[in-house]
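Visitor: Give me coordinates for this.
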Amino acid sequence: MKYIFAPPANKGLQQLNHALFESSHTLPALKIPAHASGIAMETLRSHILVAPRLRTIVDDPTDKKWRLLLLDPSMEASEINDLPNPLKEFALKHEAKLVKHTIELKYDYWTSDQVLRSILPDEMETPGAFETVGHIAHLNLRDRYQPFKHIIGQVILDKSSHIKTVVNKLDNIDHTFRFFQMEILAGINDMNAKLKEGGCFFHFDFSKVYWNSRLQGEHDRIIKLFGQNDLICDVFAGVGPFALPAAKHKRCVVFANDLNPQSFKYLMENIKLNKLETRILPFNMDGRQFIKQSLEDLNNPAIWNKITKQKPTSNDKKRNRKVESPTVAPLTDQPAISGIRHFKHYVMNLPATAIEFLDAFHGLYSGMRDVIMDSDLPTIHCHCFSNAKDVKADVIERVERVIGMPLGSNLIMVHSVRTVAPNKDMLCISFRLPSALAFAEPKILGKRKGLETEENLVSQSDVSKSSDNILEKDT
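Guide: Got it, this is the predicted structure:
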């Protein structure tokens with residue numbers, strides 16, 4: 001049976017002192033010949049000390065020819081004859097002696113959970129698993145932990161070798177660019193995270209952009225839905241967790257947009273870092289305007305040619321050598337469907353308000369009914385939150401209310417992504433763009449409420465200029 005030692009109780013401690021976690025434990029032990037160590041481990045397993053990170057057999061400090069076999073701490077025996085039969089027989093056969101051995105356990109021995117349990121009041125649970133973003137540990141401590149937040153941060157820093165900075169999310173959220181305000185609890189003040197996800201490298205300032213490592217499974221799930229060489233529109237791309245893996249592994253061409261100038265900055269940096277300039281075109285504009293503008297840009301020969309005429313990167317050359325199937329055509333050889341290029345998938349990962357942007361699809365294909373078949377209309381993946389009793393019904397109803405019509409057979413699925421808080425779930429609704437919505441007469445979109453306000457919009461002319469500069473620089 002595994003034996004768990006516990007550190008000394010330090011209830012209410014708010015400033016870490018390693019000396020307070022030192023403890024001595026005196027254990028029963030058999031002093032055995034060194035050559036009998038292997039036999040002892042094989043035959044006496046049920047009677048010896050089994051404890052995390054502790055050796056069962058240690059050197060005898062008084063004689064190198066002998067070893068100390070540490071026994072189960074719960075065993076009560078003052079002499080050999082008091083031992084269970086297997087131990088007694090072994091001791092008599094090998095002339096072993098029953099002795100006492102003291103082990104010293106210090107701060108370094110205890111896990112972070114053990115240290116925090118010894119500090120926090122009994123009625124408080126130790127904080128659960130934290131998000132890791134490169135070298136940064138990201139906590140979300142509730143109010144009752146505030147008196148202990150710095151010592152919690154220091155313990156996590158001490159016990160996690162790869163962690164250099166521990167931060168805590170504050171209540172405040174930037175309502176324009178959706179990144180959280182945070183405070184440093186322990187470690188160095190360095191928010192520049194570097195990490196690898198989905199086979200791609202990412203670099204960004206965690207204090208200025210949105211990133212959630214817990215969404216890697218959702219990133220992977222969505223990307224698996226893409227086909228080879230699909231055209232993808234990532235409306236709220238952030239620093240590229242959907243765009244980069246889609247371009248790298250599915251050879252998709254991705255139009256990736258984010259309103260946050262810092263996200264846009266690191267999106268461009270990550271595109272270059274992963275050598276995906278021939279696959280991803282970055283934009284910095286309002287999501288609603290981007291949905292409208294991106295379809296025009298996709299069919300703009302000047303913009304399309306700048307993508308296709310860029311020199312292939314080393315990644316593209318390697319992939320082209322590996323491609324065996326003739327069904328996967330190079331980008332420049334792909335014909336446009338019905339003479340009109342359009343996106344196969346739209347990704348809308350802004351769960352707080354993405355549903356509000358769906359009215360931007362009204363009349364997106366107006367006047368194109370003769371050249372676009374209903375079956376060629378894109379699939380939309382829209383992330384959202386819900387605290388309703390029936391979350392799936394709630395999400396469907398909200399989407400239908402915004403687009404002004406029932407989804408009907410266009411609904412593909414409502415996927416449960418994760419529970420973000422008690423009675424609050426994150427979901428993703430996937431549906432094919434209804435033809436009645438796509439081919440409708442366009443309407444003038446009103447000013448949108450929510451995260452992306454009018455004063456923060458980037459004009460389309462500025463965006464086009466920005467995109468042209470980027471492309472010219474990369475060619």
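Visitor: Now do the domain split for this protein, please.
Guide: Domain assignment of the chain by automatic domain parsing yields the ranges 23-105, 112-196, 212-474.
Visitor: Which one, of those domains, ends up nearest to Lys11?
Guide: domain 112-196 (6.2 Å; CB to CB). Quick note: C-beta positions are derived from backbone N, CA and C, even for glycine.
Visitor: before we move on, the earlier item: the domains of the chain: which one's closest to Ala9?
Guide: Of the domains of the chain, nearest to Ala9 by CB to CB is domain 112-196, at 5.4 Å.
Visitor: Next, format the domains of the chain as TSV and append mean neighbour count and distance to Gly12.
Guide: What follows is the domains of the chain, written out as TSV (neighbours: other CB atoms under 10 Å; distance: least, CB to CB, whole Å):
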stretch	mean neighbour count	distance to Gly12
domain 23-105	15	19
domain 112-196	17	7
domain 212-474	18	27
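Visitor: Can I get those domains in TSV including distance to Phe5 and mean pLDDT?
Guide: Below are these laid out as TSV (distance: least, CB to CB, whole Å; pLDDT from 0 to 100):
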stretch	distance to Phe5	mean pLDDT
domain 23-105	6	94
domain 112-196	9	92
domain 212-474	33	83
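Visitor: can I get these in a markdown table with distance to Ala6?
Guide: A markdown table is the format used below for the domains of the chain (distance: least, CB to CB, whole Å):
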| stretch | distance to Ala6 |
| --- | --- |
| domain 23-105 | 8 |
| domain 112-196 | 7 |
| domain 212-474 | 31 |
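Visitor: For Phe204, which of these is the nearest?
Guide: Closest approach to Phe204 among those (CB to CB): domain 212-474, 4.0 Å.
Visitor: And what about Met182, helix, strand or coil?
Guide: Using DSSP: H, G, I helix; E, B strand; the rest coil, the structure places Met182 in strand.
Visitor: Please identify which helix or strand holds Phe264.
Guide: Using DSSP states H and E, Phe264 sits within helix 261-273.
Visitor: Counting by contacts, list what the helix or strand following that helix packs against.
Guide: Downstream of helix 261-273, the next assigned helix or strand under DSSP H and E is strand 280-283. Under the contact definition 3 or more CB pairs under 8 Å, 6 or more residues apart in numbering; DSSP states H and E, strand 280-283 sits against helix 243-249, strand 253-257, helix 261-273, helix 287-298, helix 460-474.
Visitor: Return the distance of strand 280-283 from the chain's centre.
Guide: 23 Å (CA atoms, centre = their mean, to the nearest Å).
Visitor: Can you name the residues in contact with that strand?
Guide: The contact list for strand 280-283 (CB atoms under 8 Å, 6 or more residues apart in numbering) reads 237, 240, 243-244, 247, 253-258, 264, 267-268, 271, 290, 293-294, 297, 303, 307, 463, 466-467, 470-471.
Visitor: swap in stretch 25-45?
Guide: Against stretch 25-45 from outside (CB under 8 Å, 6+ apart): 5, 48-49, 56-57, 60, 64-73, 75, 77, 86-87, 90-91, 94-103, 105.
Visitor: Likewise for stretch 430-447?
Guide: Against stretch 430-447 from outside (CB under 8 Å, 6+ apart): 225, 288, 359-369, 372, 374, 377-382, 399, 403-405, 407-408, 410-415, 454.
Visitor: again, 6 Å this time
Guide: 361-366, 369, 374, 377-381, 403, 405, 407, 410-413, 454 (CB atoms under 6 Å, 6 or more residues apart in numbering).
Visitor: Of the residues you listed, which belong to helices?
Guide: Ile403 (DSSP state H).
Visitor: pretty sure Val402 contacts Leu358?
Guide: Yes: contact status for Val402 versus Leu358: in contact at 4.7 Å, counting by CB atoms under 6 Å.
Visitor: Return every residue with contacts to both of the two.
Guide: Shared contacts of Val402 and Leu358, defined by CB under 6 Å, 6+ apart, are absent.
Visitor: Quick check: the gap between the spatially closest residue to Arg214 that is not a sequence neighbour and Ser263.
Guide: Spatial nearest neighbour of Arg214, chain neighbours left out: Glu131 (6.0 Å); criterion: CB to CB, 6 or more residues apart in numbering. Look at Glu131 and Ser263: by CB to CB, to the nearest Å, they are 18 Å apart.
Visitor: Sounds good, over and out.
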